[in-house]
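Asks: Okay, structure incoming, though there's no sequence with it:
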């Protein structure tokens with residue numbers, strides 16, 4: 001082979017390697033980790049003199065927790081309870097509780113007469129931190145269901161943003177789950193990708209406890225977000241039909257036609273632009289969308305109700321979904337690892353339609369989000385969308401009466417937080 005042919009072969013090989021490194025994602029693979037589901041903290045077995053509504057004078061309590069392989073019949077049979085009685089208790093319990101639903105790790109208790117610790121008087125299963133089922137094994141054989149009292153306390157807190165809102169709330173002693181709830185409450189009105197250092201969130205929320213332990217997730221009653229001269233407020237209030245929702249300070253629904261972003265938490269790696277350097281093709285071209293970088297597998301949400309117009313794959317877009325919302329608006333979601341909807345399917349706002357990936361021309365895991373208005377691609381972050389479901393006029397006096405004390409609590413929390421962050 002002559003020297004110039006060898007040079008061409010070498011150049012082609014070098015170019016191929018270069019194209020591979022430019023067009024293929026070779027960065028460390030970071031997988032999406034779902035946030036833990038909020039769960040009630042399991043209560044402990046109550047102590048004498050009263051347990052499960054039973055006066056414990058003269059009784060001995062022995063407690064345990066469900067282990068793998070444990071069954072209702074097996075636990076009672078091991079304590080000498082007659083098989084016929086066990087079967088009868090199962091039947092008696094059915095209107096209230098199915099013993100097949102006893103789950104791994106849940107507490108249970110046997111209660112004995114202190115003079116006869118071989119044959120239990122009661123068996124108790126804790127369905128959760130509040131509800132328990134008592135099986136009466138002697139004398140008046142039967143099944144009863146009980147509840148521990150749930151204490152509800154209202155708290156308020158304010159914090160300035162220093163980094164991740166989740167960490168900022170944890171730092172000042174609030175339940176970090178409030179960060180996820182704030183993202184949901186303000187999903188239509190606050191762009192969480194534009195939150196700046198020293199922005200402030202204040203929250204009034206209700207916290208439930210059982211026997212002094214947290215129970216379930218807190219519930220936001222009112223919240224304010226302050227960023228420079230922008231103030232957003234939200235209040236939980238019931239419309240005439242009794243259904244609760246969040247409304248702004250003027251009684252307009254916080255819910256809008258479109259969410260601010262197709263991902264709950266991530267970062268913007270590239271914005272809408274008429275001219276930018278393409279990261280793979282290395283040429284200047286328009287980028288008529290917004291790139292949200294996130295770990296592989298992060299759920300991608302439909303920003304509004306609509307019909308899946310297309311769901312498939314092209315070379316540059318990779319796996320993608322396009323949704324037609326109405327005669328005016330359409331949206332598209334590119335570079336998915338996995339598509340979770342089909343063409344022609346109806347989808348709802350907030351529904352998971354796919355997972356973040358790096359298919360097509362992508363240098364890393366992200367979703368390129370595109371937004372059409374009247375057939376023209378626009379920057380959705382500059383659009384103002386109307387509110388939905390405003391409060392009925394006759395409900396406004398009640399709303400104002402509800403809002404006033406909650407707003408006063410928010411103001412008080414902010415006033416203190418400007419000097420130092422405090423949990424009330």
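Replies: Perfect, thanks for sending it. Only a predicted model underlies this, so the values are computations on that prediction, with no experimental measurement involved.
Asks: how about the helices in the protein?
Replies: For the chain, applying DSSP state H gives helices covering 3-23, 72-78, 83-93, 165-171, 177-185, 396-417.
Asks: mind checking how far residue 69 is from residue 346?
Replies: Using C-beta to C-beta, to the nearest Å, one obtains 44 Å as the distance from residue 69 to residue 346. Backbone N, C-alpha and C define where each C-beta goes, glycine included.
Asks: out of the two, which sits in the more crowded spot?
Replies: Between residue 69 and residue 346, counting by other C-beta atoms under 10 Å, residue 346 is the more crowded of the two (11 against 7).
Asks: What distance do you get for the more buried one to residue 325?
Replies: Using C-beta to C-beta, residue 346 is found at 11 Å from residue 325.
Asks: Need the residues touching each of the two.
Replies: 305-306 (C-beta atoms under 8 Å, 6 or more residues apart in numbering).
Asks: Low-confidence stretches in the stretch 251-400 of the chain?
Replies: 265-266, 269, 271-287, 386-388 (pLDDT under 70).
Asks: residue ranges of the strands in it, please?
Replies: Secondary structure of the stretch 251-400 of the chain by DSSP state E, counting those that start in this stretch: the strands cover 267-270, 273-277, 284-287, 290-293, 299-301, 306-314, 318-324, 329-339, 346-347, 352-356, 366-373, 376-377.
Asks: Format those as a markdown table; extra columns: distance to residue 214.
Replies: Converted to a markdown table, the strands of the stretch 251-400 of the chain look like this (distance: least, C-beta to C-beta, whole Å):
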| stretch | distance to residue 214 |
| --- | --- |
| strand 267-270 | 31 |
| strand 273-277 | 46 |
| strand 284-287 | 45 |
| strand 290-293 | 32 |
| strand 299-301 | 26 |
| strand 306-314 | 38 |
| strand 318-324 | 38 |
| strand 329-339 | 35 |
| strand 346-347 | 35 |
| strand 352-356 | 28 |
| strand 366-373 | 34 |
| strand 376-377 | 46 |
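Asks: Can you say which of these is nearest to residue 233?
Replies: Closest to residue 233 of these is strand 299-301 (C-beta to C-beta; 24.2 Å).
Asks: how close does the closest residue to residue 263 other than its chain neighbours sit to residue 193?
Replies: Once flanking residues are discounted, residue 263 sits nearest to residue 292: 5.0 Å by C-beta to C-beta, 6 or more residues apart in numbering. According to C-beta to C-beta, residue 292 and residue 193 sit 8 Å apart.
Asks: Compare neighbour counts for those two and give me the winner.
Replies: Shown here are residue 292 and residue 193; by other C-beta under 10 Å, residue 292 has more neighbours (24 against 16).
Asks: ok now do that one, which residues does it touch?
Replies: Contacts of residue 292 (C-beta under 8 Å, 6+ apart): 193, 261-263, 266-269, 366-367, 369.
Asks: For PyMOL, write a command that selects the buried ones of these.
Replies: The PyMOL command for the buried members of these (criterion: 16 or more other C-beta atoms under 10 Å) is given here:
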select buried, resi 193+261+262+263+266+268+269+366+367+369
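Asks: so where is the stretch 51-200 of the chain shaky, pLDDT-wise?
Replies: Low-confidence segments of the stretch 51-200 of the chain (pLDDT under 70): none present.
Asks: What count of nearby residues applies to the residue nearest to residue 164 when sequence neighbours are not counted?
Replies: Distances taken as C-beta to C-beta, 6+ apart place residue 179 nearest to residue 164, at 8.0 Å, with adjacent residues excluded. Residue 179 is flanked by 22 other residues according to other C-beta under 10 Å.
Asks: Distance check, residue 179 against residue 211.
Replies: 27 Å.
Asks: One more: residue 133?
Replies: 18 Å.
Asks: so residue 218 touches residue 179, yeah?
Replies: No: using C-beta atoms under 8 Å, residue 218 is not in contact with residue 179; the gap is 11.0 Å.
Asks: Show me what counts as buried in stretch 142-158.
Replies: Buried, per 16+ other C-beta under 10 Å, within stretch 142-158: 143-144, 148, 155-158.
Asks: quick check, nearest of these to residue 300?
Replies: Once C-beta to C-beta is applied, the member of the buried residues of stretch 142-158 that ends up nearest residue 300 is residue 157, at 31.4 Å.
Asks: give me the beta-bridge partners of the closest one?
Replies: Here residue 157 sits in beta bridges with residue 203, residue 423, going by DSSP bridges.
Asks: Which residue, neighbours along the chain excluded, lies closest to residue 197?
Replies: Per C-beta to C-beta, 6+ apart, closest to residue 197 is residue 161, 5.9 Å.
Asks: List the contacts of that neighbour.
Replies: Contacts of residue 161 (C-beta under 8 Å, 6+ apart): 168, 195-201.
Asks: Go through the residues you listed and give me the one with the most neighbours.
Replies: Counting neighbours by other C-beta under 10 Å, residue 201 leads those with 29 neighbours.
Asks: my guess is it contacts residue 166, does it?
Replies: No: the criterion here is C-beta under 8 Å, and residue 201 misses it with residue 166 at 11.5 Å.
Asks: Can I get the contacts of residue 161 in JSON lines including distance to residue 335?
Replies: Listed next are the contacts of residue 161 as JSON lines, based on distance: C-beta to C-beta, whole Å:
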{"residue": "168", "distance to residue 335": "31"}
{"residue": "195", "distance to residue 335": "25"}
{"residue": "196", "distance to residue 335": "28"}
{"residue": "197", "distance to residue 335": "30"}
{"residue": "198", "distance to residue 335": "34"}
{"residue": "199", "distance to residue 335": "30"}
{"residue": "200", "distance to residue 335": "35"}
{"residue": "201", "distance to residue 335": "32"}
